[in-house]
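Asks: build the 3D model from these lines:
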Amino acid sequence: MMMAEAQVEKRAPAFRRIMLKASGEALMGAQNYGVDVNVAREVAEEVKDIHDLGVEVAIVVGGGNIFRGVSESAGNMDRSSADYIGMLATVMNAVVLQDALEKAGVYTRILSAINIPQVAEPFIRRRAIRHLEKKRVVIFAGGTGNPYFTTDSAAALRALEIKADVILKATKVEGIYSADPMKDKTATRYDCITYQEVLEQQLKVMDASAISLCMDNSLPIIVFNMRTPGNIMRVVMGEAGIGTRVCTERGDSVFDGATDFPTDEAAIYFPDEHESMT
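Replies: Prediction:
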(Lines give C-alpha, C1' and ligand atoms only; values in the text may rest on other atoms or scores of the structure.)
Protein backbone atom coordinates (compact mmCIF):
# COMPACT_ATOMS: atom_id res chain seq x y z
CA MET A 1 0.00 0.00 0.00
CA MET A 2 2.77 2.41 0.94
CA MET A 3 4.59 1.67 -2.32
CA ALA A 4 1.41 2.29 -4.31
CA GLU A 5 0.84 5.59 -2.50
CA ALA A 6 4.45 6.60 -3.21
CA GLN A 7 3.95 5.85 -6.91
CA VAL A 8 0.80 7.98 -7.00
CA GLU A 9 2.61 10.79 -5.21
CA LYS A 10 5.54 10.51 -7.61
CA ARG A 11 3.17 10.89 -10.55
CA ALA A 12 1.46 13.97 -9.12
CA PRO A 13 1.63 16.83 -11.67
CA ALA A 14 3.50 19.99 -10.72
CA PHE A 15 0.62 22.18 -11.97
CA ARG A 16 -3.14 22.14 -11.53
CA ARG A 17 -4.06 24.38 -14.48
CA ILE A 18 -1.80 25.25 -17.40
CA MET A 19 -1.80 27.54 -20.42
CA LEU A 20 -0.10 25.93 -23.43
CA LYS A 21 1.05 28.46 -26.03
CA ALA A 22 1.76 26.74 -29.35
CA SER A 23 2.86 28.54 -32.50
CA GLY A 24 1.02 27.93 -35.75
CA GLU A 25 4.25 26.57 -37.22
CA ALA A 26 4.04 23.70 -34.74
CA LEU A 27 1.14 22.33 -36.79
CA MET A 28 2.98 22.47 -40.13
CA GLY A 29 5.28 19.54 -39.53
CA ALA A 30 7.63 19.21 -42.50
CA GLN A 31 5.31 21.20 -44.75
CA ASN A 32 5.93 24.77 -45.86
CA TYR A 33 2.34 25.85 -45.31
CA GLY A 34 -0.90 24.76 -43.73
CA VAL A 35 -1.60 21.95 -41.30
CA ASP A 36 -0.12 18.47 -41.03
CA VAL A 37 -2.99 16.44 -39.54
CA ASN A 38 -0.53 13.86 -38.23
CA VAL A 39 1.26 16.54 -36.22
CA ALA A 40 -2.09 17.79 -34.89
CA ARG A 41 -2.92 14.24 -33.84
CA GLU A 42 0.43 13.86 -32.05
CA VAL A 43 -0.09 17.14 -30.19
CA ALA A 44 -3.60 16.02 -29.24
CA GLU A 45 -2.30 12.72 -27.86
CA GLU A 46 0.26 14.52 -25.69
CA VAL A 47 -2.38 16.92 -24.40
CA LYS A 48 -4.64 13.94 -23.67
CA ASP A 49 -1.89 12.31 -21.60
CA ILE A 50 -1.60 15.29 -19.26
CA HIS A 51 -5.36 15.84 -19.23
CA ASP A 52 -5.81 12.24 -18.07
CA LEU A 53 -3.69 13.10 -15.02
CA GLY A 54 -6.31 15.63 -13.97
CA VAL A 55 -4.47 18.72 -15.22
CA GLU A 56 -6.80 21.45 -16.51
CA VAL A 57 -5.53 22.50 -19.94
CA ALA A 58 -6.08 25.74 -21.85
CA ILE A 59 -4.44 26.34 -25.22
CA VAL A 60 -3.66 29.42 -27.28
CA VAL A 61 -2.52 28.54 -30.79
CA GLY A 62 -0.99 30.90 -33.32
CA GLY A 63 -1.71 31.12 -37.03
CA GLY A 64 1.73 31.64 -38.57
CA ASN A 65 1.33 28.49 -40.66
CA ILE A 66 -1.48 30.26 -42.55
CA PHE A 67 -0.98 34.02 -42.22
CA ARG A 68 1.13 36.35 -40.10
CA GLY A 69 0.22 40.01 -39.78
CA VAL A 70 3.80 41.31 -39.82
CA SER A 71 5.15 38.84 -42.38
CA GLU A 72 6.13 39.40 -46.00
CA SER A 73 2.86 37.78 -47.08
CA ALA A 74 1.03 40.78 -45.60
CA GLY A 75 2.87 43.05 -48.03
CA ASN A 76 1.78 46.69 -47.69
CA MET A 77 -1.59 45.81 -46.18
CA ASP A 78 -2.98 47.98 -43.45
CA ARG A 79 -1.66 46.55 -40.17
CA SER A 80 -5.10 46.26 -38.61
CA SER A 81 -6.49 44.39 -41.63
CA ALA A 82 -3.51 42.04 -41.67
CA ASP A 83 -3.86 41.33 -37.97
CA TYR A 84 -7.56 40.52 -38.33
CA ILE A 85 -6.67 38.00 -41.04
CA GLY A 86 -4.15 36.52 -38.62
CA MET A 87 -6.87 36.24 -35.97
CA LEU A 88 -9.03 34.27 -38.39
CA ALA A 89 -6.07 31.97 -39.06
CA THR A 90 -5.90 31.17 -35.35
CA VAL A 91 -9.57 30.16 -35.44
CA MET A 92 -8.83 27.73 -38.27
CA ASN A 93 -6.00 26.15 -36.28
CA ALA A 94 -8.20 25.97 -33.20
CA VAL A 95 -10.79 23.96 -35.13
CA VAL A 96 -8.06 21.59 -36.34
CA LEU A 97 -6.85 21.06 -32.78
CA GLN A 98 -10.41 20.60 -31.50
CA ASP A 99 -11.06 17.91 -34.08
CA ALA A 100 -7.83 16.09 -33.22
CA LEU A 101 -8.52 16.28 -29.47
CA GLU A 102 -12.07 15.03 -29.72
CA LYS A 103 -10.98 12.14 -31.93
CA ALA A 104 -8.56 11.32 -29.10
CA GLY A 105 -11.50 11.26 -26.70
CA VAL A 106 -11.03 14.65 -25.04
CA TYR A 107 -14.00 17.00 -24.69
CA THR A 108 -13.01 20.39 -26.06
CA ARG A 109 -14.42 23.89 -26.36
CA ILE A 110 -13.24 26.77 -28.54
CA LEU A 111 -13.74 30.26 -27.13
CA SER A 112 -13.08 33.02 -29.62
CA ALA A 113 -12.39 36.71 -29.12
CA ILE A 114 -14.01 37.20 -32.53
CA ASN A 115 -17.72 36.37 -32.71
CA ILE A 116 -18.12 33.30 -34.96
CA PRO A 117 -21.09 31.46 -33.39
CA GLN A 118 -21.16 28.69 -36.00
CA VAL A 119 -17.64 27.67 -35.03
CA ALA A 120 -16.87 28.81 -31.49
CA GLU A 121 -18.38 30.18 -28.32
CA PRO A 122 -17.70 33.83 -27.50
CA PHE A 123 -14.99 34.35 -24.92
CA ILE A 124 -16.51 34.81 -21.46
CA ARG A 125 -14.09 34.42 -18.58
CA ARG A 126 -16.46 32.64 -16.21
CA ARG A 127 -17.58 30.29 -18.96
CA ALA A 128 -13.95 29.41 -19.75
CA ILE A 129 -13.26 28.63 -16.08
CA ARG A 130 -16.42 26.53 -15.87
CA HIS A 131 -15.36 24.48 -18.90
CA LEU A 132 -11.98 23.85 -17.28
CA GLU A 133 -13.64 22.81 -14.02
CA LYS A 134 -15.72 20.34 -16.03
CA LYS A 135 -12.46 18.88 -17.33
CA ARG A 136 -12.81 20.16 -20.86
CA VAL A 137 -9.78 21.39 -22.78
CA VAL A 138 -10.35 25.03 -23.69
CA ILE A 139 -8.82 26.48 -26.87
CA PHE A 140 -8.71 30.27 -27.04
CA ALA A 141 -8.91 31.58 -30.61
CA GLY A 142 -8.88 35.02 -32.20
CA GLY A 143 -6.01 36.38 -30.13
CA THR A 144 -7.15 39.24 -27.91
CA GLY A 145 -9.65 40.36 -30.55
CA ASN A 146 -7.61 43.50 -31.17
CA PRO A 147 -4.95 44.32 -33.79
CA TYR A 148 -1.39 45.20 -32.76
CA PHE A 149 -1.37 42.45 -30.12
CA THR A 150 0.28 39.07 -30.62
CA THR A 151 -1.00 35.68 -29.55
CA ASP A 152 1.77 35.77 -26.93
CA SER A 153 -0.11 38.65 -25.34
CA ALA A 154 -3.35 36.69 -25.73
CA ALA A 155 -1.78 33.70 -23.94
CA ALA A 156 -0.58 35.87 -21.06
CA LEU A 157 -3.93 37.68 -20.77
CA ARG A 158 -6.06 34.53 -20.89
CA ALA A 159 -3.72 32.70 -18.50
CA LEU A 160 -4.18 35.44 -15.94
CA GLU A 161 -7.93 35.57 -16.47
CA ILE A 162 -8.37 31.85 -15.86
CA LYS A 163 -5.79 31.87 -13.03
CA ALA A 164 -3.44 29.39 -14.72
CA ASP A 165 -0.42 28.25 -12.71
CA VAL A 166 2.04 28.60 -15.60
CA ILE A 167 2.44 29.37 -19.29
CA LEU A 168 4.11 26.60 -21.25
CA LYS A 169 5.67 28.22 -24.31
CA ALA A 170 6.11 25.46 -26.92
CA THR A 171 8.94 26.19 -29.38
CA LYS A 172 11.25 24.44 -31.82
CA VAL A 173 14.36 24.64 -29.59
CA GLU A 174 15.14 23.34 -26.11
CA GLY A 175 15.00 26.76 -24.44
CA ILE A 176 17.20 29.86 -24.18
CA TYR A 177 20.86 29.42 -25.11
CA SER A 178 24.11 31.33 -24.69
CA ALA A 179 24.53 31.24 -28.49
CA ASP A 180 22.76 29.89 -31.56
CA PRO A 181 22.77 26.10 -30.93
CA MET A 182 22.44 25.48 -34.67
CA LYS A 183 25.77 27.19 -35.30
CA ASP A 184 27.67 26.79 -32.03
CA LYS A 185 27.90 23.25 -30.67
CA THR A 186 29.23 24.58 -27.36
CA ALA A 187 26.13 26.72 -26.75
CA THR A 188 24.71 26.25 -23.25
CA ARG A 189 21.03 26.09 -22.41
CA TYR A 190 20.07 28.11 -19.35
CA ASP A 191 17.74 26.66 -16.77
CA CYS A 192 16.51 30.02 -15.53
CA ILE A 193 16.16 33.71 -16.37
CA THR A 194 14.14 36.52 -14.84
CA TYR A 195 11.49 38.63 -16.58
CA GLN A 196 13.66 41.70 -16.12
CA GLU A 197 16.61 40.05 -17.86
CA VAL A 198 14.36 39.08 -20.77
CA LEU A 199 13.21 42.69 -21.15
CA GLU A 200 16.66 44.23 -20.67
CA GLN A 201 18.32 41.87 -23.14
CA GLN A 202 15.37 42.18 -25.59
CA LEU A 203 15.13 38.41 -25.93
CA LYS A 204 12.47 37.07 -28.28
CA VAL A 205 10.99 34.66 -25.77
CA MET A 206 7.63 36.42 -25.99
CA ASP A 207 6.81 39.98 -26.92
CA ALA A 208 7.50 42.68 -24.34
CA SER A 209 3.85 43.30 -23.48
CA ALA A 210 3.31 39.61 -22.70
CA ILE A 211 6.45 39.44 -20.55
CA SER A 212 5.42 42.59 -18.70
CA LEU A 213 1.98 41.14 -17.98
CA CYS A 214 3.54 37.98 -16.59
CA MET A 215 6.11 39.94 -14.57
CA ASP A 216 3.53 42.26 -13.03
CA ASN A 217 1.46 39.26 -11.93
CA SER A 218 4.30 36.82 -11.13
CA LEU A 219 3.08 34.29 -13.69
CA PRO A 220 5.91 31.84 -14.51
CA ILE A 221 6.77 30.84 -18.08
CA ILE A 222 8.51 27.66 -19.16
CA VAL A 223 10.04 27.60 -22.65
CA PHE A 224 10.58 24.12 -24.07
CA ASN A 225 10.87 22.11 -27.28
CA MET A 226 7.49 20.78 -28.36
CA ARG A 227 9.01 18.71 -31.16
CA THR A 228 10.51 16.26 -28.68
CA PRO A 229 7.87 13.59 -27.95
CA GLY A 230 6.80 13.53 -24.32
CA ASN A 231 8.19 16.96 -23.43
CA ILE A 232 4.79 18.39 -22.48
CA MET A 233 4.38 15.59 -19.95
CA ARG A 234 7.92 16.08 -18.63
CA VAL A 235 7.35 19.80 -18.06
CA VAL A 236 3.96 19.26 -16.41
CA MET A 237 5.45 16.64 -14.11
CA GLY A 238 8.17 19.09 -13.05
CA GLU A 239 11.05 17.09 -14.48
CA ALA A 240 14.33 18.93 -13.99
CA GLY A 241 16.44 19.99 -16.95
CA ILE A 242 13.60 20.44 -19.45
CA GLY A 243 13.42 23.86 -21.07
CA THR A 244 14.15 27.28 -19.59
CA ARG A 245 12.02 28.95 -16.94
CA VAL A 246 11.22 32.66 -16.80
CA CYS A 247 10.12 33.94 -13.39
CA THR A 248 10.62 36.62 -10.75
CA GLU A 249 13.46 34.91 -8.92
CA ARG A 250 15.78 32.27 -10.25
CA GLY A 251 14.76 29.94 -7.44
CA ASP A 252 11.03 30.12 -8.29
CA SER A 253 10.66 27.01 -10.40
CA VAL A 254 9.96 23.31 -10.55
CA PHE A 255 13.51 23.01 -11.92
CA ASP A 256 16.60 22.76 -9.76
CA GLY A 257 20.14 23.91 -10.34
CA ALA A 258 19.63 27.30 -11.94
CA THR A 259 22.61 28.59 -13.87
CA ASP A 260 23.80 32.20 -13.75
CA PHE A 261 22.65 34.10 -16.79
CA PRO A 262 25.13 36.23 -18.75
CA THR A 263 24.73 40.00 -18.87
CA ASP A 264 26.35 40.42 -22.27
CA GLU A 265 23.52 40.91 -24.76
CA ALA A 266 25.60 39.43 -27.59
CA ALA A 267 26.00 36.21 -25.64
CA ILE A 268 22.29 35.43 -25.41
CA TYR A 269 20.33 33.59 -28.07
CA PHE A 270 16.68 32.87 -28.56
CA PRO A 271 15.00 32.38 -31.94
CA ASP A 272 12.89 35.31 -33.16
CA GLU A 273 9.64 33.43 -33.58
CA HIS A 274 6.96 35.38 -31.75
CA GLU A 275 4.10 36.21 -34.02
CA SER A 276 1.75 39.08 -34.63
CA MET A 277 -1.74 37.66 -34.17
CA THR A 278 -0.50 34.24 -35.27
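
Asks: where does pLDDT dip in the stretch 1-150 of the chain?
Replies: Judged by pLDDT under 70, the stretch 1-150 of the chain has its weakly predicted residues at 1-11, 68-75.

Asks: where exactly do the helices run in this protein?
Replies: 2-10, 37-51, 79-103, 125-133, 151-161, 195-200, 208-216, 231-236 (DSSP state H).

Asks: which parts of the last one are buried?
Replies: Going by neighbour count (16 or more other C-beta atoms under 10 Å), the buried part of helix 231-236 is 231, 232, 233, 234, 235, 236. Glycine gets a C-beta too; all of them are placed from N, C-alpha and C.

Asks: what are the ranges of the strands in the stretch 101-250 of the chain?
Replies: With strands called from DSSP state E, counting those that start in this stretch, the stretch 101-250 of the chain shows them at 108-112, 121-122, 137-141, 166-171, 176-177, 189-190, 192-194, 221-225, 244-247.

Asks: for the fifth one, name the packing helices and strands.
Replies: Packed against strand 176-177, as judged by 3 or more C-beta pairs under 8 Å, 6 or more residues apart in numbering; DSSP states H and E, are the following elements: strand 189-190.

Asks: tell me the strands beside the strand it packs on, with direction?
Replies: Partner strands and pairing direction for strand 189-190 (DSSP bridges) are strand 176-177 (antiparallel).

Asks: avg pLDDT for the strand it pairs with?
Replies: The average of the pLDDT scores along strand 176-177 is 76.

Asks: for residue 277, give me the pLDDT.
Replies: Taking residue 277 on its own, its pLDDT is 46.

Asks: can you count the residues close to the spatially closest residue to residue 144 that is not a sequence neighbour?
Replies: Computed as C-beta to C-beta, 6 or more residues apart in numbering, the closest residue to residue 144 that is not its neighbour in sequence is residue 154, at 4.8 Å. Neighbourhood size, residue 154 [other C-beta atoms under 10 Å]: 28.

Asks: circling back: now, of the helices of the chain, which is deepest in the fold?
Replies: Compared across these, helix 151-161 shows the largest average neighbour count, a mean of 26 (mean count of other C-beta atoms under 10 Å).

Asks: and for residue 76, the neighbour number?
Replies: Counted with other C-beta under 10 Å, residue 76 comes out at 5.

Asks: need the winner for burial among the strands of the stretch 101-250 of the chain.
Replies: strand 137-141 (a mean of 28).

Asks: other residues contacting it?
Replies: Applying C-beta atoms under 8 Å, 6 or more residues apart in numbering, the contact partners of strand 137-141 are 47, 51, 57-61, 87, 90-91, 93-94, 97-98, 101, 106-114, 120, 123, 128, 131-132, 154-155, 158, 162.
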